[in-house]
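Trainee: what follows is a predicted structure for the sequence shown.
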Amino acid sequence: MKKAKSVALIGAGKLTDSPLSRFYWLSDRLGPVKSSSFRLASRIANQLRAGHPVKDFEEFHSMELILVCVPEPMLPEVLGELAAAPIDFNGKAVVLSSLWLDSSELREFSARGAAVGSICLIPGFDDLRYLVEGDRPAVLRARRLVEHRDRRAVPIERSFKPFYLAALTCTGSVLFSVLMAAGEALRLAGVPPADSSNILEKQVIRTLRSFARSGRNTLPASHELSRQVRALAATDPNLAHYMEQSTRLAERLVENRKLSSAATSS
């Protein structure tokens, strides 16, 4: 007996580059595929090798999960069209596939009885880790669509995705700026570029291992910081200021973490 389809998709853009194309159970569960035109819906279904194109939202009535995967500039128009459709959203889940956006974009559907959420690929895990955010029913349905063997979904509560994105920023642009500062300091020291890259790589690995072993309440000591800042200030005042302020901020973060941990345990 053929399993009934339970997932609908509103899609646009090149979905072969989307994590959606790698959802393991999508081919078994995808039914109607809606886009800005029937031709584009047909193309998406062919790209995914799943589902079938539809011209309207009629088949969405019987679906448990509605996936929305469109480029961000198109999202307001697409969500407006979905909201205007004569669909009873009670008991349904509406999930947005987006790296940066979350279930807050779907508040209108939440008000109409839907469980809402978002799903995205976590960078660096080669398609083996997904972040799923939102209401529990939406998270459970999204996880069932993705998880298979080593592929796992990491669930977080609704509206908590900005904290996850802050972590990506800290390990992305913030860390990049720290590495730029370290590389500039090595350049001022006269260290050749090839050796500089090796030194930075070893030190980052060393610090990461220390962080993993010692936890977040231990900050490596900054030996002779004032002397380093004075030397940098004479050559590059901006770099000196950045280093001093970054170090002081890290010290405050660790101290606040300790105070928070002590208050929780008491």
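Mentor: Looks like it arrived, so ask away.

Trainee: all strands of the stretch 51-200 of the chain, in order?
Mentor: All strands of the stretch 51-200 of the chain, identified by DSSP state E, counting those that start in this stretch, fall at 52-53, 65-69, 93-97, 115-121, 129-134, 152-157.

Trainee: from the contact counts, what lies against the first one?
Mentor: What that stands for is strand 52-53. strand 30-34, helix 38-48 (3 or more Cβ pairs under 8 Å, 6 or more residues apart in numbering; DSSP states H and E). From N, CA and C alone the C-beta is placed, and that goes for glycine too.

Trainee: so for residue 172, which of the ones you listed sits nearest?
Mentor: Residue 172 lies closest, by Cβ to Cβ, to one member of those: helix 38-48, at 29.4 Å.

Trainee: packing partners of that closest one?
Mentor: Applying 3+ Cβ pairs under 8 Å, 6+ apart, one finds that helix 38-48 contacts strand 7-11, strand 30-34, strand 52-53.

Trainee: returning to what we had before: mean pLDDT added to the strands of the stretch 51-200 of the chain, as a markdown table?
Mentor: Below are those laid out as a markdown table (pLDDT from 0 to 100):
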| stretch | mean pLDDT |
| --- | --- |
| strand 52-53 | 96 |
| strand 65-69 | 97 |
| strand 93-97 | 97 |
| strand 115-121 | 97 |
| strand 129-134 | 97 |
| strand 152-157 | 96 |
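
Trainee: dump those to JSON lines, plus distance to residue 187.
Mentor: Output for the strands of the stretch 51-200 of the chain, formatted as JSON lines (distance: least, Cβ to Cβ, whole Å):
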{"stretch": "strand 52-53", "distance to residue 187": "57"}
{"stretch": "strand 65-69", "distance to residue 187": "44"}
{"stretch": "strand 93-97", "distance to residue 187": "42"}
{"stretch": "strand 115-121", "distance to residue 187": "36"}
{"stretch": "strand 129-134", "distance to residue 187": "36"}
{"stretch": "strand 152-157", "distance to residue 187": "39"}
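
Trainee: could these go into a markdown table alongside mean neighbour count and distance to residue 171?
Mentor: Shown next, in a markdown table, are the strands of the stretch 51-200 of the chain (neighbours: other Cβ atoms under 10 Å; distance: least, Cβ to Cβ, whole Å):
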| stretch | mean neighbour count | distance to residue 171 |
| --- | --- | --- |
| strand 52-53 | 16 | 40 |
| strand 65-69 | 24 | 26 |
| strand 93-97 | 26 | 22 |
| strand 115-121 | 25 | 16 |
| strand 129-134 | 24 | 14 |
| strand 152-157 | 16 | 15 |
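
Trainee: and residue 104, which of those is closest to it?
Mentor: strand 115-121 (8.6 Å).

Trainee: about what we covered before: okay, the helices and strands packed on strand 52-53, which one's buried deepest?
Mentor: When you average the neighbours per residue for each of those (mean count of other Cβ atoms under 10 Å), strand 30-34 leads with a mean of 25.
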